[in-house]
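Engineer: predicted coordinates and the sequence they were generated for:
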Amino acid sequence: MATKSSKSIDVFGATLTRRQFVKTGGVLAVGFSIVGASPLRGETPKAVVAKNSLDPSIASSWLEIHPDNTVTIRTGKNDFGQGSVYTAYRQIVAEELSMPFEAITTVVTGSTDQTPDGGGSFGFLNDGTPNLRKVAAYTYQALLDIASKKMGVDRSKLTVKDGVVSGGGKTISYGDLIKGQQFSLTIPVRGELTSIVGLSVEGNPPMKPVSEYTVIGKSYPSSAIQEKVTAKVLWATDVRLPGMLHGRVVHPKTLGSTLVSVGKLDKTKYPHTQVIVKGNLVGVVAPTEWEAIQAAQQVAESTKWTDWKGLPGSAKLYDHLRNESDWDSTPVMKSRATKGDAAAVLASASKKFTATYQISYMKHAPIGPTMAVGDVKPDGMVHVHTHNQNPQELRGEIAKMLGTTIDKVIVHIYAGPGHYGRSNGGNAGAEDEAVILSQAVGKPVRVQWMRADDMQWSTQSPAAFSDVELAVDDQGMLAAYQIDHYMPPMQDDRPVGAVLAGLPTMPAPDVHGDFVTSTVNNISDDWIYARVPNVIERGHGTFQVGQKVSPIAVGLRDHSMRTPAQFQQNFPRELAINEAAVLAGVDAIQFRINNLKEERAIGVLKKVRDASGWDTRPSPSPHAAAEGTEAVRGRGVSLMLRDGTYWACACHIAVTPATGAIKVEKCTLAVDPGVVINPTQLKRQVEGGAMMGISIALLEEVMTDESGVMQDDWNSYPVLTMADIPEIKVELINNPRVGSYGGGSEAANALAAPAIAAALHDATGKILRRLPLKSAYVHEALTAH
Amino acid sequence: MSTLIVNGVRQEVDVAGDTPLLYVLRNDLELTGPQFGCGLAQCGACSVLVAGKEVRSCVTTVADVAGQEITTLEGLPARWAKQKGITAEDEKHALHPVQQAWIEEQTPQCGFCQNGMMIKATELLESNPHPTVEQIKAAYTTSGVSPNLCRCGTYTAIIEAVQRAAAIMAQGR
């Protein structure tokens, strides 16, 4: 093997090094180095990399081009059903490299020893520049440099199509270009690997112009779907390790109970089952799953816990939140949209109203309860096999819990049920418990939560309320708008097993937490009604309900769930805007258009108006009725800007006043993400999100007593079934002028609720400013005087 | 010892008769199509066909189904091949029309419930080759012990996939 002295070339802020010639193989390995305070250009400090992480100095972390013209990509983000890493990411990389989609043959996701960047599995498109896009763009520039040198043709004379470089009458494929050589491309990266957002690629490499896209915009199928449908995929639930035992956890009786005495186990019936107690964590470990389930039930029956009644309970929840929660310790946040003098205009206005809007606690309710296999080895290495939205953060949490370093922890990732945000801070519930039990018995232990554990011991999306005051002027325009949002924090990432066991964790959300763990309630719903002259938006934060008075520091732990915080803020805003339109006597879509400047926002509203068969008129409907057994019909609309994408939704409903039952008959969505990457995948994402949104709007409410969550199964926490789905219409607006791609998935969840609530008013003339729109609550509102 | 006939293969399993079929399929027979969703027959993630009927394997004991013909997701291609008289060699490359339709329609999101959704579709189409949308909705909500639940909200995509599967079956491909 001949070795030549290495030579470095600057590639738009990245550094390309040809290290050596190798006889066979060859790979364009793209590594990274951490950027500290130093500038992007010039010397970059070497990254400190833990063992069992991809070493950024050995380049092959993000993207490998192989001599056979195939490509492997790696991302810390996992697929939770959106399919983006298997479709959009491949399309984006193929596009920036000018290769065919099919060339991206391997997608490695999640596992902490096989992926470079970490970060939560959310915001996959990162406002148009996911890490892999920049990596691919840097790589493309490096390939042009290499080709120019090899071909003896000036860089500006080269073109690339399907991974083949042409220029000066010569052609060469990427594979041939790198064959027998090893290049290292060092790119600038910033961030903290085990944080919620992980690492991000820095700098501004030239990107392919949208006008030249050939791969983006086509509906490639997701390879993950093929594997799942044919039972070929390895789910986290399928992991079976040699010597593995089955674990179940007996969780405390209430969210504030401490252990008095552990229950008895009939050793003649379950001779091989072990009962493990660590602090207030009680677990059983057995050779078979059925034995573990039965033994856990038996132990639970005679385990004694202290009583605790520290929660307000559902009936008193909003009273508690408004009157007994501490809203003073946390700084009040003001939005950037704040302008004019809303207070003065509201004081003197004649057409105005004041109202309060409420949103319930909701469960993420994954269709499979959380599970993990923990494997603590005698040498101190810890392996966690699971399905998780932030494996690198979980790695940090497990290391902290055990008092070890992250190099001793490897998180292995597999397919699994959607978590909808619950594990984006590293854990969904079972991961740490599996490790604790494995450490106790010295063998791999698989902990599977039962449905009741998942309903009662997981985190939930917090309840919230908002106070709105607004005024319209004589021209029918919104003259002043003031909103105060109140919500407990929604990012409690403490692993609950560690909390119960009394082991170290990150602190619970507090006033002085960092940007994700603080109690601060930021304004998350971008204000888009730009013609409104007077606007005040404030966010008020407090502590989690019951957590501080729980002897075990649990209480109602909260966690971000699809469209987190923005949903809780957009529902009151959009329903209030509907009410403002009523006050102005103007059609709800037209009223919005009148108060908007942004053409894309107006565009989605017009699209949804045309596609839904919207009848333009003020609300309520001339046929509105609040009583009777005949269904009455109405329609409502909502609007949102999220992650660079504009969304509008119209819901047409039928409501039976005598029962309060709402049936959504038609749900129409218009989506303008800028560039549509994959129409089929985006359509499916939007349809799914919209259905979950209808489920949330009509059915979902966590019911608590003074001790904990009362629901323990799908009967007590119902979700939408196929019988209740509406006709759905998704209008995708491909808008290349935007020059980028916005987020496509979760916002669909948030749109239905305000549109349905507005439709209820349209149909009945009565307003219900509370989610969910359960028939009992609707009936109560319709009969109220 | 209990005798199970799963996907056409007779298997002896050394488990107590009251063991739910789901754990035996997953842990003893390594058939991991059926998933644990609730353990309460409330969601359908664990569904299998027993003598052509969709049952919830999480609450069905081994003793309940001893000696009966059980089909899991893994067994759907062979089930279709047998019904169509396809040779063993062709069968290796064949998918059940329901699986084919699920891929063509890009139906799953997370996919965890889709085992049960495909099992239910197979049960439906074997008795009703051309179901209406209302019949499809009834199959997934009122025909079984509980509705089949999809938390990701793929119901529309499931209906479209069932219709496509019906078309594929009618073409006999």
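Structural biologist: Structure's in. What do you need?
Engineer: and A:Met640, how far from A:Val702?
Structural biologist: Counting by C-beta to C-beta, to the nearest Å, the gap from A:Met640 to A:Val702 is 24 Å. C-beta: built from backbone N, CA, C; applies to glycine.
Engineer: just confirm A:Asn131 contacts A:Gly203, I think it does.
Structural biologist: No - under the contact definition of C-beta atoms under 8 Å, A:Asn131 does not touch A:Gly203, with a separation of 11.4 Å.
Engineer: neighbour count winner among these two?
Structural biologist: Under the criterion of other C-beta atoms under 10 Å in any protein chain shown, the comparison of A:Asn131 against A:Gly203 puts A:Asn131 first, with 25 against 18.
Engineer: what's the neighbour count on the residue in chain B positioned nearest to chain A?
Structural biologist: Distance from chain A to each residue of chain B (C-beta to the nearest C-beta) is smallest for B:Gly153, at 2.7 Å. Counted with other C-beta under 10 Å, residues neighbouring B:Gly153 total 27.
Engineer: residues touching it, list them.
Structural biologist: A:Glu687, A:Gly688, A:Gly689, A:Ala690, A:Met691, A:Met692, A:Ser695, A:Leu720, B:Gln109 (C-beta atoms under 8 Å, 6 or more residues apart in numbering or on different chains).
Engineer: cool, and A:Thr783?
Structural biologist: For A:Thr783, the contacting residues are A:Ala626, A:Glu627, taking C-beta under 8 Å, 6+ apart as the criterion.
Engineer: low-confidence ranges, the chain, go.
Structural biologist: No chain was given, so I picked chain A. Segments of chain A classed as low confidence (criterion: pLDDT under 70) are A:1-7, A:18-50, A:55-60.
Engineer: sorry, should have said chain B
Structural biologist: B:88-89, B:91-92, B:173.
Engineer: domain ranges for it?
Structural biologist: According to automatic domain parsing, chain B comprises the domains B:2-72, B:74-171.
Engineer: who in the stretch 401-550 of chain A is up against chain B?
Structural biologist: Along the stretch 401-550 of chain A, the residues adjacent to chain B under the rule C-beta under 8 Å from any C-beta of the partner chain are A:Ala415, A:Gly416, A:Pro417, A:Gly418, A:Tyr420, A:Gln448, A:Met450, A:Arg451.
Engineer: export these as JSON lines, with columns for secondary structure and neighbour count.
Structural biologist: JSON lines is the format used below for these (DSSP: H, G, I helix; E, B strand; the rest coil; neighbours: other C-beta atoms under 10 Å in any protein chain shown):
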{"residue": "A:Ala415", "secondary structure": "strand", "neighbour count": "23"}
{"residue": "A:Gly416", "secondary structure": "coil", "neighbour count": "31"}
{"residue": "A:Pro417", "secondary structure": "coil", "neighbour count": "30"}
{"residue": "A:Gly418", "secondary structure": "coil", "neighbour count": "29"}
{"residue": "A:Tyr420", "secondary structure": "coil", "neighbour count": "30"}
{"residue": "A:Gln448", "secondary structure": "strand", "neighbour count": "24"}
{"residue": "A:Met450", "secondary structure": "coil", "neighbour count": "22"}
{"residue": "A:Arg451", "secondary structure": "helix", "neighbour count": "23"}
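Engineer: out of these, what pair is the most spread apart?
Structural biologist: Using C-beta to C-beta, the pair of these lying farthest apart is A:Ala415 and A:Met450, separated by 20.9 Å.
Engineer: no more questions from me, cheers.
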